[in-house]
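K.L.:
Generate a structure from the sequence data that follows.
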Amino acid sequence: MNTLGVILIILVILLLGVLCAGLFYVITRQIQLEQKLVRTQDFSKSSLQTMMQMNHKVDQVMMDASAGLKGTDELRDQVSSITRVMTNAKRRGSWGEYQLESLVRTYLGDSPYIYSTQYPLENGKISDGAFHLPGTEQVLCIDSKFPMENYLKMAAEPESAAFFEKELRRNIRKHILDVSEKYITPQTLDTAILFIPNEGLFEYLCSDGADLMSFALEHHVMLVSPTTLAGVVFTLLASTKSFYRAQNLQEIESRMEDLSRKAQTLALQSDKGRKACATLDKTLDDLSRQAWNLVRSMEEISTPDPGQYPGQSEGKTRGSGL
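P.N.:
Next up, the predicted model:
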């Protein structure tokens, strides 16, 4: 082969090598691009899921915030309603009567024999409530008063607190006199109860208004708050129970003796029943034992053991030898 042919062959081989190398590079590059594309797609999917989760969380936060705003609006409405009640004398009085009724019914239950609401008196006045005491037809009247306007202004306008305190004390004195004049009559006890439905105001009377407490006692009026009302009611309830127990002591003792006799009779009957059960249990044990003995005897008869009959075994042996 001449030199030119060799050179051509070498060039062809080099060209084929270059083509193969280029093809290998292209294929490798394409594979890398496809892998990168797959990773990009996975990352995009992950990013999309993350975005969806973030959107869901944002929606949840917005819903929670909306609910919180709604709750705040409801709380503001409730506070506004309470404020309207506290600043309106008529509504405040109705609230005091409602609170008095609720507390007494909680302590006493719905019993007209102990407590009545809106009790009419012979002088034409109607008290918010009346306690019926044992052993007398006279009642103990209770009335609710809620002098809160000037008390609230004492805190709201400290520069004029002295003036509002003076007005508050004047209002309380008037309420004490009204209760004393209206609800202490021959039809009632010589004492009436003035219910103040606010612990803060009652605390003021106990501390800075000690002279008002004395003024109330001078006019036979007892001042109570929601907390101290419980003590008054439970004391009246206990005295009522004690009175009726004393009035029916002989009947109570008679019924207790009768119950004691019945309890003794029941105890004796239970002892007899226990002994009868023990006897029956023993009898059942004996019957059970006899029944199982009978079962075993029947099984032995139905499946005999040849060893139990030696004569029959010997006969069979002699017969076999013949």
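K.L.:
Run through the residues that contact the residue lying closest to Ile184 once chain neighbours are set aside.
P.N.:
Distance criterion Cβ to Cβ, 6 or more residues apart in numbering; nearest residue to Ile184, sequence neighbours excluded, is Ala192 at 5.2 Å. Just so you know, the C-beta spots here come from the backbone N, C-alpha and C atoms, and that holds for glycine as well. By Cβ atoms under 8 Å, 6 or more residues apart in numbering, the contact set of Ala192 is 127, 140-143, 179-180, 183-184, 220-222.
K.L.:
Let's see if you can find the most crowded of those residues.
P.N.:
Most neighbours among the contacts of Ala192, by other Cβ atoms under 10 Å: Tyr183, with 29 neighbours.
K.L.:
Now for Trp180: which residues touch it?
P.N.:
Small correction: residue 180 is Ser, not Trp. So Ser180 contacts 192, 219-221 (Cβ under 8 Å, 6+ apart).
K.L.:
For the spatially most central residue of the chain, give me the pLDDT.
P.N.:
Most central in the chain under Cα atoms, centre = their mean is Thr106, positioned 17.2 Å from the mean C-alpha point. Thr106 is assigned 85 on the pLDDT scale.
K.L.:
before we move on, which element is it in?
P.N.:
helix 89-108 (DSSP states H and E).
K.L.:
how close does Leu168 get to His219?
P.N.:
18 Å (Cβ to Cβ, to the nearest Å).
K.L.:
The two: which has the busier surroundings?
P.N.:
It is Leu168, of Leu168 and His219, that has more neighbours when counted by other Cβ under 10 Å, with 24 against 16.
K.L.:
check contacts around the more buried one.
P.N.:
Taking Cβ under 8 Å, 6+ apart, one finds 147, 150-151, 154 in contact with Leu168.
K.L.:
Off-centre distance for the host helix or strand of Arg274?
P.N.:
For Arg274, the host element (DSSP H and E) is helix 249-302. Centre-to-centre, helix 249-302 and its host chain are 45 Å apart (Cα atoms, centre = their mean, to the nearest Å).
K.L.:
re the thing from before, buried sites along the helix holding Thr106?
P.N.:
Buried positions in helix 89-108, judged by neighbour count with 16 or more other Cβ atoms under 10 Å: 92, 95-97, 99-101, 103-104, 107-108.
K.L.:
ok, of those residues, which one's closest to Ala230?
P.N.:
Set against Ala230, the nearest of the buried residues of helix 89-108 by Cβ to Cβ is Tyr107 (6.2 Å).
K.L.:
Name the secondary structure element that contains the nearest residue to the closest one once chain neighbours are set aside.
P.N.:
Nearest residue to Tyr107, sequence neighbours excluded (Cβ to Cβ, 6+ apart): Val233, at 4.4 Å. Element membership for Val233 (DSSP H and E) is helix 226-247.
K.L.:
ditto for Leu194
P.N.:
strand 192-195.
K.L.:
Starting from that strand, tell me which strands it pairs with and how they run.
P.N.:
With DSSP bridges as the test, strand 192-195 is paired with strand 139-144 (parallel), strand 221-224 (parallel).
K.L.:
Against which helices or strands is the helix or strand following it packed?
P.N.:
Beyond strand 192-195 on the C-terminal side, the first helix or strand identified by DSSP H and E is helix 199-207. On a contact count with 3 or more Cβ pairs under 8 Å, 6 or more residues apart in numbering; DSSP states H and E, helix 199-207 meets helix 149-156, helix 210-218, strand 221-224, helix 226-247.
K.L.:
hmm, who's touching the shortest one?
P.N.:
Judged by Cβ under 8 Å, 6+ apart, the contacts made with strand 221-224 from elsewhere in the structure are 176, 179-180, 191-196, 202, 205, 212-213, 216, 232.
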